[in-house]
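K.L.:
using only what follows, build the 3D model:
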Amino acid sequence: MDRFLWCIKKNAFEMVTPNENLSLAYLTKARDALAAASAEISREWRISAAYYSMYFSLYSILMRVGIKCENHSCTLAFAGRLLKKHFSMEDIDFLNESLKARVDAQYYVNRKVTDKQYEDMLKRAPQMLVKCKSLLEQLTEEEINSIRSNTFKMIR
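P.N.:
Coordinates of the predicted model:
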């Protein structure tokens, strides 16, 4: 089943008031996680921090448009469906791979994250932060309303 449709059936998305302050707070969390990824020695914690930097960067956009989602894979599915003007399928696939890497590194001792995925996460986390920050600066009220309208049509 399509992940986005599964998320709708599970009521994973909630329309909330768009909130610039929360959006900025999530950008701060993204920067903090990025700093932790750079400072941390442990590979597993660097993977986790790099993932959270990317996730919080993306989530800052959801807060700006007024969409609450507490399921990471559903947040990524939302971006793939309703923010595809700004995020390529490659971006979304990479975020999904990074979520899997974070889960594998954080919760399992017998699952390994490839060196390539690890290095790519450390390289792409700052790029995702910049991309999301730039997008937040460019989002118009018209586009926010369009995303909200399209979301509302899909989840009701």
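K.L.:
mind listing the helices for the chain?
P.N.:
3-9, 20-39, 43-65, 72-82, 89-107, 115-138, 141-155 (DSSP state H).
K.L.:
what lies in contact with the shortest one?
P.N.:
Contacts of helix 3-9 with the rest of the structure, by Cβ atoms under 8 Å, 6 or more residues apart in numbering, involve 13, 69, 71, 73-74, 76-78, 80-81, 154-155. Any C-beta I mention is one placed from the backbone N, CA and C, and that applies to glycine too.
K.L.:
pLDDT for those - can I get that in JSON lines?
P.N.:
Output for the contacts of helix 3-9, formatted as JSON lines (pLDDT from 0 to 100):
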{"residue": "Phe13", "pLDDT": "96"}
{"residue": "Cys69", "pLDDT": "97"}
{"residue": "Asn71", "pLDDT": "97"}
{"residue": "Ser73", "pLDDT": "97"}
{"residue": "Cys74", "pLDDT": "97"}
{"residue": "Leu76", "pLDDT": "97"}
{"residue": "Ala77", "pLDDT": "97"}
{"residue": "Phe78", "pLDDT": "97"}
{"residue": "Gly80", "pLDDT": "95"}
{"residue": "Arg81", "pLDDT": "94"}
{"residue": "Met154", "pLDDT": "88"}
{"residue": "Ile155", "pLDDT": "85"}
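K.L.:
make a ChimeraX selection of the buried ones in those residues.
P.N.:
Restricted to buried positions by 16 or more other Cβ atoms under 10 Å, the ChimeraX selection for the contacts of helix 3-9 reads:
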select :13,69,73,74,76,77,78,80,81
